[in-house]
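1. I need the structure of the sequence given here:
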Amino acid sequence: MYIVHFGEAGKMNKEERRLLLGGKGASLAEMSTDLGLSVPPGFVITTEAFHRFYNEGSLSFLQKEITAAMSVIEQNTRRSFGDSNDPLLVSVRSGAPVSMPGMMDTILNLGLNNQTTSALAAKSNPAFASECRSRFESMFEEIVIQKGNSGISHAPSDVWQQLHLAIEAVFYSWNSPRAQTFREVENISDDFGTAVTIQAMVFGNTSEHSGTGVLFTRNPSTGADELFGDFLPNAQGEDVVSGSHQTLGINEMENIAPEAFKELVKVAHSIENATTDMCDIEFTVEEKKLWILQSRIGKRTPIAAVRIAKEMTDDIDFPLTRIQALHRLTPDQLQAALDMDHVSESSPPIAKGLGASPGVATGQLVFTADTAVEESDKGVRVLLIRPETSPADVHGMAVAQGIITATGGLASHAAVVARGWGIPAVVGVTTLSLLEDSATFGDVTLSEGDVVTLDGTSGEIFIGNTQIGESETTPAVETFLTWIEETITENGIEIPPGTSSRDRLQAIQSMTL
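-> From the prediction side, this is the model:
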């Protein structure tokens, strides 16, 4: 099966959907079909097509199916691809069966050329059309042309050629260096491959009544049962997830788009109840109308993972048992939750940003991902400091003790990857300005190699090594430890005296389903 429309996945079970459609495609199918949410129409080119493409090196086997699938989107949107009056524009996105946030490629606003840009300007306004064209050409240049697989030197005017080249580029991005690095860190099989989602564009950058954002159904740093995330008015989604813009807190959306915010709150509860887990949700508001673009199980810190599992087990609205909760955490995550440090209150900070991923990290400042790897290979503990991170930085992020960025919010690339990997991070340090070889925090200027400490809980940054406060066990962790002991007793699991909590959890997970 090579192409599946969102509404055609109803007969598949969740695992079949995930493996064939990828996480993104499976989620879109579930949200549009099972939950009835407002999802822009689209279809998925499956992982089976990916494997055939890699075997044959060509998309020729898909030409007719792609044309037919696009005609369905045209019917649903009442727009035509390449039309000079009311053109359909689409996004082309990757979607592996296992979450790899930002590691593969995406192209937005595909379908723009001179004629369709003029049509878009006539339907909206010239500034909006020009911004969309510029964004499309920039992404197409970076993803399709510069990476050398297309053999062309500019974005073609033929929109169908644009589409086919974009699909190929997304397939090829499965084996990009950053994707390979991420899979190595996460221990993800190279055999999965990626699906490609083709979806009608909706626009968050049409006016101040529009916007885009990422919502976490719970706080991914602490696990608190509260809405958490970023919103950016008059912008497209890449502006939020890239970390290139300073965003607003999600609650500020209520003042800008109150009806859409009210609907988003309902969507959050609906998706969380359907998955029985914390999720992150990418969304766009187009002229006050809410559209849901993606949902997936959200990356969270070890402390948050414990609290979410504990509180969902206690909540009658979630069918989560204690045994299932104990399987939600890896033994290493439990140990990390027990070892979470913080900086002593007696240490004066030089700057403060957003605490994006908790924990304390001390190291020498480095300004590029390549330098982070070089210094780490020498045994140096490093902190990677960037204006914002991108997927191209993951090799440096993977070896860094901590991460600092000047821009970006709590749903930025740096924040999401750091939380998923358990790396302390501070983002959105507005007083930070960076040059090639120096970092200035307000009136304090530091150079590469200077030692800095960050506290990813408080968002504070300190010069040098600082005094570390003792780890404090949270109430949720205390409860989790009690459950471990009760489960060991109830199941008669033999544990040698002095066995660590980490190994006790591992013993439970190896003996229970």
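2. Enumerate every residue touching the residue lying closest to residue 343 once chain neighbours are set aside.
-> Computed as CB to CB, 6 or more residues apart in numbering, the closest residue to residue 343 that is not its neighbour in sequence is residue 455, at 4.4 Å. Where you see a C-beta, it was placed from the backbone N, CA and C, and this is true even at glycine. Under the criterion of CB atoms under 8 Å, 6 or more residues apart in numbering, the contact partners of residue 455 comprise 342, 343, 355, 359, 360, 424, 426, 461, 462.
3. how near is residue 455 to residue 30?
-> 38 Å (CB to CB, to the nearest Å).
4. Would you state the helices of the stretch 351-500 of the chain in chain order?
-> Here the stretch 351-500 of the chain has its helices, by DSSP state H, counting those that start in this stretch, at 369-377, 394-399, 413-421, 475-491.
5. got a pLDDT number for residue 149?
-> Note on residue 149: pLDDT of 62.
6. For this protein, which residues score under the pLDDT cut-off?
-> 147-150, 344-346, 469-471, 512-513 (pLDDT under 70).
7. quick check: domain ranges of it?
-> 1-201, 202-299, 302-338+473-511, 342-469 (automatic domain parsing).
8. Ends of the third one, what's the gap?
-> Counting by CA to CA, to the nearest Å, the length from the leading to the trailing residue of domain 302-338+473-511 is 23 Å.
9. ditto for the second one
-> For domain 202-299, the separation between the terminal residues is 26 Å (CA to CA).
10. now that domain, how far from the centre of its chain.
-> Distance of domain 202-299 from the chain centroid (CA atoms, centre = their mean, to the nearest Å) equals 12 Å.
11. So which of the helices of the stretch 351-500 of the chain is the most surrounded?
-> Burial of these is given as mean neighbour count (mean count of other CB atoms under 10 Å); helix 413-421 ranks first at a mean of 26.
12. for it, packing partners?
-> strand 354-357, helix 394-399, strand 402-405, strand 425-427 (3 or more CB pairs under 8 Å, 6 or more residues apart in numbering; DSSP states H and E).
13. Relative to residue 375, how far out is residue 81?
-> In terms of CB to CB, residue 81 sits 49 Å off from residue 375.
14. Please apply the same query to residue 467.
-> Taken as CB to CB, the span from residue 467 to residue 375 is 25 Å.
15. can you list the contacts of residue 455 in a markdown table and add neighbour count and distance to residue 483?
-> Shown next, in a markdown table, are those (neighbours: other CB atoms under 10 Å; distance: CB to CB, whole Å):
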| residue | neighbour count | distance to residue 483 |
| --- | --- | --- |
| 342 | 18 | 25 |
| 343 | 22 | 31 |
| 355 | 23 | 28 |
| 359 | 24 | 24 |
| 360 | 23 | 28 |
| 424 | 28 | 27 |
| 426 | 31 | 33 |
| 461 | 27 | 37 |
| 462 | 21 | 36 |
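16. got a list of what residue 274 touches?
-> Per CB under 8 Å, 6+ apart, neighbours of residue 274: 30, 34, 35.
17. Can you identify each of the strands in the stretch 201-350 of the chain by residue range?
-> Taking DSSP state E, counting those that start in this stretch as the test, the strands found in the stretch 201-350 of the chain are 211-216, 228-233, 248-249, 279-286, 289-297, 342-343.
18. right, and those strands - which one's nearest residue 45?
-> Among these, the nearest to residue 45 by CB to CB is strand 289-297 (16.4 Å).
19. The closest one: partners in the sheet, and parallel or antiparallel?
-> Using DSSP bridges, strand 289-297 pairs in its sheet with strand 279-286 (antiparallel).
20. Not counting its own residues, what contacts the strand it pairs with?
-> Against strand 279-286 from outside (CB under 8 Å, 6+ apart): 202-204, 206, 209-217, 220, 229, 236-237, 241, 253, 257, 260, 264, 267-268, 271-272, 290-299, 411, 416.
21. could you check the angle strand 211-216 makes with it?
-> Taking axes from the mean of the first three to the mean of the last three CA atoms, to 10 degrees, strand 279-286 and strand 211-216 form an angle of 170 degrees between their directions.
22. Can you list the residue ranges for strands in the stretch 51-200 of the chain?
-> Using DSSP E, counting those that start in this stretch, the strands found in the stretch 51-200 of the chain span residues 80-81, 87-88, 90-95, 106-110, 195-200.
23. Alright, I will stop here.
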